[in-house]
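*Asks:* Quick one, fold the following:
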Amino acid sequence: MMNPPTLAVTRSDALRLKTLLNSEFVIAIGGERTHLSEFKDRLERAMVLESQDIMSDVITMNSTVRMLDLDLNESETYTLVYPEEACISEGKLSILSPLGTMIFGCRVGEDVTCRVPGRVNRKRIEKITFQPERVGAFNL
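*Replies:* Got it, this is the predicted structure:
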């Protein structure tokens, strides 16, 4: 089996996400859930970069991304946020959701498969319409 590509993450995202994944909040919501433990493992193996060095086609925290649902052939746009900001009706997707953990660190053109209760979602990353690091917003 091939190893997944190395995750590229900014130093600030890595620190904040590791703290979040070890928090009482995550333990209370079921930190042992498969997608969260897999995400924690990916983050431990990540290539940590300074914010100004992250590639502009990588999904970072607070990035807004357009994805194509490969099964429904419909586009959807989400901003990847921390749980306290999440509001799916406003297009704000929590990093702790199964889809959030799967798209974090992905690049434009990549396909992701996300297992949710009762089905499998297949998405293609079409475009990053906003990435904080691309515009010099390093502290969002």
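
*Asks:* who touches the residue positioned nearest the centre of the chain in this structure?
*Replies:* In the chain, the C-alpha nearest the mean C-alpha coordinate belongs to F104, at 2.2 Å (Cα atoms, centre = their mean). Taking Cβ atoms under 8 Å, 6 or more residues apart in numbering, we find F104 in contact with 7, 9, 39, 59-61, 80, 95. Quick note: C-beta positions are derived from backbone N, CA and C, even for glycine.

*Asks:* Of those, which one scores lowest on pLDDT?
*Replies:* In this model, the minimum pLDDT among the contacts of F104 belongs to L7 (84).

*Asks:* for the protein, longest strand please?
*Replies:* Assignment by DSSP state E gives strand 119-130 as the longest strand of the chain.

*Asks:* Partner strands of that strand, with direction?
*Replies:* strand 64-69 (antiparallel), strand 111-116 (antiparallel) (DSSP bridges).

*Asks:* Which of these comes out lowest on mean pLDDT?
*Replies:* Minimum mean pLDDT among those: strand 111-116, a mean of 86.

*Asks:* got the buried residues for that strand?
*Replies:* Within strand 111-116, the residues scored as buried using 16 or more other Cβ atoms under 10 Å are 112, 114.

*Asks:* Quick check: chain neighbours aside, which residue is closest to L17?
*Replies:* The shortest distance from L17 to any non-neighbouring residue, by Cβ to Cβ, 6 or more residues apart in numbering, is to L43 (5.9 Å).

*Asks:* can you give me the strands for the chain?
*Replies:* So, for the chain - with DSSP E - the strands run 8-10, 47-49, 64-69, 74-81, 92-94, 111-116, 119-130.

*Asks:* Who are the packing partners of the fifth one?
*Replies:* The criterion is 3 or more Cβ pairs under 8 Å, 6 or more residues apart in numbering; DSSP states H and E, and the helices and strands that strand 92-94 contacts are strand 74-81, helix 98-103.

*Asks:* pLDDT (mean, whole number) over the last one?
*Replies:* Taken as a whole, helix 98-103 has an average pLDDT of 94.

*Asks:* Convert the C-alpha atoms of that helix to CSV, please.
*Replies:* Extracted in CSV, the C-alpha atoms of helix 98-103 (Å, rounded to 0.1, in the frame of the first residue of the first chain):
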residue,chain,number,x,y,z
PRO,A,98,-14.8,14.1,8.6
LEU,A,99,-14.7,16.2,5.5
GLY,A,100,-12.7,19.0,7.2
THR,A,101,-9.9,16.6,8.3
MET,A,102,-9.8,15.1,4.8
ILE,A,103,-9.4,18.3,2.9
